[in-house]
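S.K.: Pasting a predicted model and its sequence here:
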Amino acid sequence: MLALLPLALVCELFALVTRLQLPSVISGALLVLFFAWHWRSLMPYPRRLGLVTLGLFAYWALLRDPDWQQTQRMLGAAAYYGAFIGALGLAHCAVKRMPQLGELHRLLLRLPRTSLYPSYLFSTFAISSVLSFGMLNLVCGSLERYLDRQSHSPSQRREGARGVMVTALRGFALVPLLAPTSVAVAILTRELPGLSWSALLPFGLVCGAILLLVGWPMENHRLRQLRETAAPARGSSATGSAKGLRNLLYGSLLGILLIALLASLTPLSATQAAMLLVPLAVVGLLLYQGGSPTTAYVEVRDTLAGMRNETFIFACSALLGGLTAVLIPVERLASHFSSTPLALFGLGSAGMLAIIALALLGVAPIISLSLCAALLAQLAGHGVAIMQPAVALLIGFSLAMLLSPYGPSALMLARHAQLSPWRIAFGWNGRFVLLVLGPLLLVPLLA
């Protein structure tokens, strides 16, 4: 049954290229069949989410007037989100063949002391735009190995490690604002066809600048604790590692250029272009390095199977968004938000704060963003301008990644730091979020 995942991915990518709905519906049905068969292998949170989704779907099917066209759209949305996380997750196959990433800390800590924070911030952003949560595992694991080779005092080690982890988490939070591979961008551009990554990017750059300027003086001194005794690089291994990281950076920039080029020359969005190019590049790399087609297929299949929990959450969020749009009478609200700019600003601010508040209560930001985007799409169909609230939702998603004590990022850092996830979310990021929240609330007014 593991073969259903790569088959579902191929069907959805074929649907993107051909613009046909049937392959996407087939892909969604394959995902339903796979997760019904592998239900017991899912973690508790996805299973609870699945039960909520199933209950809401049953309510719609039994007590409302179900529409086959709406069911097709929901299956297509589930297939799209599942294919998104699967296609981009295949980048793990390529990155694990790059040992230079293990030297990240030694190379960054050789930079001038005043530039440590922006260097870490943008390096972790670049890695997480490809690896997603895998970036945090990479940074934390390699940090422990780096610190074991140094002679820092306990206070230097504690403060320096906190600086690295906080900066890595904030670099991860830049992905929704800046990267075409972001799931937040994927959701908004799919639910709101008039929206594009290039249209959102200028506002993301403004938000990124705010996050940089506020965080720089707060964390750079902690990173300098590790810089004080950073061992100088020696020999050809250091040169090779630095060259390898430069090649990785150039490769990432080339990939973004190819994504932008494909999006400009075809009807595909930047997100859809990334969904096509990443699997093609990974499979090409596996075959180029001497692997047989069978070996490449097995690695791709096993990688997709390893992401089943994430894929399930993404697919369920799509179904929840579709069901919410069907069950809530949005047309009654449209007239209230199309009359004045102040009402539109209030709508965006409410969506932003709702995503953050739900994240504090344990609702994954991907779910709340899907629900908000589905409602926003319905409002857009009734003539409501969507750019301003879309930018607000993007900002809310980014801040929720910093503040949620239940999210995988906080749990991962808590495990490495041996602290409570509440300490990670509020102790490490609470003051930072309070400082940036006011300026970020004003950014949608530029839209």
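M.R.: Okay, I see it.
S.K.: count of neighbours near the nearest residue to residue 387 once chain neighbours are set aside?
M.R.: Excluding the flanking residues, the one nearest residue 387 by C-beta to C-beta, 6 or more residues apart in numbering is residue 447, at 4.3 Å. Just so you know, the C-beta spots here come from the backbone N, C-alpha and C atoms, and that holds for glycine as well. Look at residue 447: counted by other C-beta atoms under 10 Å, it has 19 neighbours.
S.K.: do the same with residue 45
M.R.: Residue 45: 15 surrounding residues under other C-beta under 10 Å.
S.K.: Can you list the buried residues in the host helix or strand of it?
M.R.: Using DSSP states H and E, residue 45 falls within helix 44-63. Of all the residues in helix 44-63, those buried under the rule 16 or more other C-beta atoms under 10 Å are 46-47, 49-50, 53, 56-57, 60.
S.K.: and if you look at stretch 417-429?
M.R.: For stretch 417-429, a neighbour-count test (16+ other C-beta under 10 Å) marks 417, 419, 421, 423-426, 428-429 as buried.
S.K.: Figure out how far that stretch is from the centre of its chain.
M.R.: Relative to its parent chain, stretch 417-429 has a centroid offset of 21 Å by C-alpha atoms, centre = their mean, to the nearest Å.
S.K.: Stretch 306-315 too?
M.R.: From the chain centre to the centre of stretch 306-315 is a distance of 13 Å (C-alpha atoms, centre = their mean).
S.K.: Stretch 104-121 now?
M.R.: 24 Å.
S.K.: Just the mean pLDDT for that stretch, thanks.
M.R.: Taken as a whole, stretch 104-121 carries a mean pLDDT of 84.
S.K.: What residues sit buried inside it?
M.R.: So, applying 16+ other C-beta under 10 Å, buried residues of stretch 104-121: 104-110, 116-121.
S.K.: okay if I get those as JSON lines plus secondary structure and distance to residue 285?
M.R.: Below are those laid out as JSON lines (DSSP: H, G, I helix; E, B strand; the rest coil; distance: C-beta to C-beta, whole Å):
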{"residue": "104", "secondary structure": "helix", "distance to residue 285": "21"}
{"residue": "105", "secondary structure": "helix", "distance to residue 285": "26"}
{"residue": "106", "secondary structure": "helix", "distance to residue 285": "26"}
{"residue": "107", "secondary structure": "helix", "distance to residue 285": "23"}
{"residue": "108", "secondary structure": "helix", "distance to residue 285": "26"}
{"residue": "109", "secondary structure": "coil", "distance to residue 285": "30"}
{"residue": "110", "secondary structure": "coil", "distance to residue 285": "29"}
{"residue": "116", "secondary structure": "helix", "distance to residue 285": "32"}
{"residue": "117", "secondary structure": "helix", "distance to residue 285": "33"}
{"residue": "118", "secondary structure": "helix", "distance to residue 285": "30"}
{"residue": "119", "secondary structure": "helix", "distance to residue 285": "28"}
{"residue": "120", "secondary structure": "helix", "distance to residue 285": "27"}
{"residue": "121", "secondary structure": "helix", "distance to residue 285": "28"}
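S.K.: Let's have those residues in JSON lines, adding distance to residue 162.
M.R.: JSON lines is the format used below for the buried residues of stretch 104-121 (distance: C-beta to C-beta, whole Å):
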{"residue": "104", "distance to residue 162": "17"}
{"residue": "105", "distance to residue 162": "14"}
{"residue": "106", "distance to residue 162": "19"}
{"residue": "107", "distance to residue 162": "20"}
{"residue": "108", "distance to residue 162": "16"}
{"residue": "109", "distance to residue 162": "15"}
{"residue": "110", "distance to residue 162": "21"}
{"residue": "116", "distance to residue 162": "14"}
{"residue": "117", "distance to residue 162": "13"}
{"residue": "118", "distance to residue 162": "18"}
{"residue": "119", "distance to residue 162": "17"}
{"residue": "120", "distance to residue 162": "12"}
{"residue": "121", "distance to residue 162": "15"}
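S.K.: Tell me which residues of stretch 136-153 come out buried.
M.R.: 136, 138-140, 142-143, 146-147, 150, 152.
S.K.: ugh, wrong one, I meant stretch 158-169
M.R.: Going by neighbour count (16+ other C-beta under 10 Å), the buried part of stretch 158-169 is 159-169.
S.K.: Which of these fall in helices?
M.R.: Judged by DSSP state H, those include 159-169 as members of helices.
S.K.: and the helix holding residue 45, what other elements does it pack with?
M.R.: Helix 44-63 sits against helix 308-327, with contacts defined as 3 or more C-beta pairs under 8 Å, 6 or more residues apart in numbering; DSSP states H and E.
S.K.: The helix it packs on: which residues count as buried?
M.R.: In helix 308-327, counting by 16+ other C-beta under 10 Å, buried: 308-326.
S.K.: starting at the chain centroid, how far to it?
M.R.: Distance, centroid of helix 308-327 to centroid of chain: 16 Å (C-alpha atoms, centre = their mean).
S.K.: What is that helix packed up against?
M.R.: Against helix 308-327 (3+ C-beta pairs under 8 Å, 6+ apart) you get helix 22-37, helix 44-63, helix 68-89, helix 183-191, helix 365-381.
S.K.: Could you export those as JSON lines, including distance to residue 300 and mean pLDDT?
M.R.: Below are the helices and strands packed on helix 308-327 laid out as JSON lines (distance: least, C-beta to C-beta, whole Å; pLDDT from 0 to 100):
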{"stretch": "helix 22-37", "distance to residue 300": "15", "mean pLDDT": "93"}
{"stretch": "helix 44-63", "distance to residue 300": "22", "mean pLDDT": "87"}
{"stretch": "helix 68-89", "distance to residue 300": "9", "mean pLDDT": "86"}
{"stretch": "helix 183-191", "distance to residue 300": "20", "mean pLDDT": "86"}
{"stretch": "helix 365-381", "distance to residue 300": "23", "mean pLDDT": "83"}
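S.K.: Out of those helices, flag the one nearest residue 295.
M.R.: Smallest distance to residue 295 across these (C-beta to C-beta): 18.6 Å, for helix 68-89.
S.K.: what comes up buried for that closest one?
M.R.: 70-71, 73-89.
S.K.: Show me what the next helix or strand after that helix is packed up against.
M.R.: Where DSSP H and E defines the elements, the next helix or strand beyond helix 68-89 is helix 91-95. Packing partners of helix 91-95 (3+ C-beta pairs under 8 Å, 6+ apart): helix 116-131, helix 270-288, helix 293-306.
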